[in-house]
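Trainee: coordinates for the following, if possible.
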Amino acid sequence: MFFVVNKYLIPKGFRGLTAFPFVFLKYRIDKKNAVLINHERIHLRQQIELLILPFFIWYFIEYFVRLLQFRSKNRAYRNISFEREAYTNESDLNYLKKRKFFSFWKYLFLNKI
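Mentor: Reported below is the predicted structural model:
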């Protein structure tokens with residue numbers, strides 16, 4: 001994992017973004033934010049499981065499906081299965097040690113936020 005800090009690469013309203021093997025952060029101080037880094041590490045694991053490119057294809061397809069479903073950019077983003085897994089478990093700093101392969105799958109069909 002490599003950190004890149006640049007406030008211009010991160011979309012408005014976000015503090016981090018992950019594209020294997022890089023974690024892009026808006027602010028240098030966020031390198032010390034254990035919860036944010038854990039969230040981004042969960043995304044790294046998801047990307048590795050799906051061999052990176054399929055992760056991004058799935059991510060954007062699911063985003064557009066959720067956008068049609070919820071008609072809200074924020075709700076669509078928060079209901080992407082990858083984001084639901086990351087947000088649900090970001091505070092559990094041991095999550096990745098016990099996480100099962102393809103764990104994001106169960107978040108695809110859970111009740112929506």
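
Trainee: residue 97 and residue 38: what is the separation?
Mentor: Distance, residue 97 to residue 38, by Cβ to Cβ, to the nearest Å: 11 Å. To be clear about C-beta, it is placed using only N, CA and C from the backbone, and glycine gets the same treatment.

Trainee: repeat that for residue 104.
Mentor: Going from residue 104 to residue 38 by Cβ to Cβ gives 15 Å.

Trainee: does residue 3 lie in a helix or a strand, and which?
Mentor: Assessed by DSSP states H and E, residue 3 sits inside strand 2-5.

Trainee: and that strand, what does it pack against?
Mentor: strand 22-25 (3 or more Cβ pairs under 8 Å, 6 or more residues apart in numbering; DSSP states H and E).

Trainee: what's in contact with the strand it packs on?
Mentor: Applying Cβ atoms under 8 Å, 6 or more residues apart in numbering, the contact partners of strand 22-25 are 1-6, 9-10, 15-18, 31, 36-37, 40-41, 44.

Trainee: show me which of residue 97 and residue 38 is the more surrounded one.
Mentor: The neighbour comparison of residue 97 against residue 38 (other Cβ atoms under 10 Å) goes to residue 38, with 18 against 7.

Trainee: got the buried residues for stretch 90-106?
Mentor: Across stretch 90-106, burial judged by 16 or more other Cβ atoms under 10 Å covers 90, 95, 99, 103-104.

Trainee: select from those residues every entry located in helices.
Mentor: Counting by DSSP state H, those place residue 95 in helices.

Trainee: contacts only, for residue 108.
Mentor: 62, 81.

Trainee: ramachandran angles for it?
Mentor: phi -70, psi -30 (degrees, to the nearest 10).

Trainee: equivalent analysis for residue 20, please.
Mentor: Dihedral angles (degrees, to the nearest 10) for residue 20: phi -40, psi 130.
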